[in-house]
Every structure is written in C-alpha cells, then in structure tokens.
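A.B. asks: sequence and predicted structure are below.
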Amino acid sequence: MRLILITLIATTLFAQTPAPAGNAQNGRKLFESYGCYQCHGHEAQGGLGTGPRLGPKPLPFVAVQKYLRHPTGQMPPYTTKVVSDKDIADIYAFLQSVKQPPPVKDIPLLNN
C-alpha cells in the first residue's frame, strides 16, 4: 500500500512539472542522430521486441529525463556527458509534436 501511495505521489509531481521549452525540429534530428529511432521507430511509435512507444502523448518530461539518465533493462544510460539537458528538452519537444495516427477504420488498405 505504501509503495502504491509513493508511486501515485511521484506520478502526480512528474505530471505537474512543466517541460522546458525545446525545439521539436532539432529534437527530431537528435532522436535520429542518437539512434533512438533504432528501437523506438522514426516517429517514436515503438516496435515489437524493441523499445516502447514514446509518442504521441509522451510521459511527463521529468520521468523521461530520469529514465534517460538511469534506465532499466537494455537501454544504455545517457549521462549529461552524452546528452545535455537542452538536448533532452529538444527531444521531448519532438515527442510532443508527434501526431496521433489515423484510426484503423480510416486506412483503406487495412479494411480490405
């Protein structure tokens, strides 16, 4: 019960912390140059057996930043020597800019 309460409080605090201003165009370039697309896809959509979906509607900025610095699983850590806080802000702006894909019912090829 205590762990659930701590998790809820942390999630609420993450959600309330505003993301710093970032440049989505530069963030897309950084997402590609750091190789994020290799696991998360070019549009941050994720993939089976690779990285999870990051956009649209990314996790709160603080959670993304924390996970980049101290990941679990197979993802390598991205220390401040590798990715600056400004670069993370730009990548996050890109993740926020990812558009929601159309519903399956609106894609003719998938409805044959």
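C.D. replies: Perfect, I can see it now.
A.B. asks: from here on, just use CA atoms for contacts and neighbour counts.
C.D. replies: Will do.
A.B. asks: which pLDDT does the model give residue 87?
C.D. replies: Here the pLDDT value assigned to residue 87 is 97.
A.B. asks: in the host helix or strand of it, what's buried?
C.D. replies: Residue 87 is part of helix 85-97, with elements assigned from DSSP states H and E. Using 16 or more other C-alpha atoms under 10 Å as the test for burial, helix 85-97 gives 87, 88, 89, 90, 91, 92, 93, 94, 95, 96, 97.
A.B. asks: ok, the closest residue to residue 54 other than its chain neighbours - how many residues close by?
C.D. replies: Nearest residue to residue 54, sequence neighbours excluded (C-alpha to C-alpha, 6 or more residues apart in numbering): residue 44, at 5.1 Å. Other residues lying near residue 44 total 23 when counted by other C-alpha atoms under 10 Å.
A.B. asks: go on, the one 5 residues further on?
C.D. replies: Applying other C-alpha under 10 Å, we find 7 residues neighbouring residue 49.
A.B. asks: same check on residue 77?
C.D. replies: 15.
A.B. asks: who are the contact partners of it?
C.D. replies: Going by C-alpha atoms under 8 Å, 6 or more residues apart in numbering, residue 77 touches 68, 69, 70, 71.
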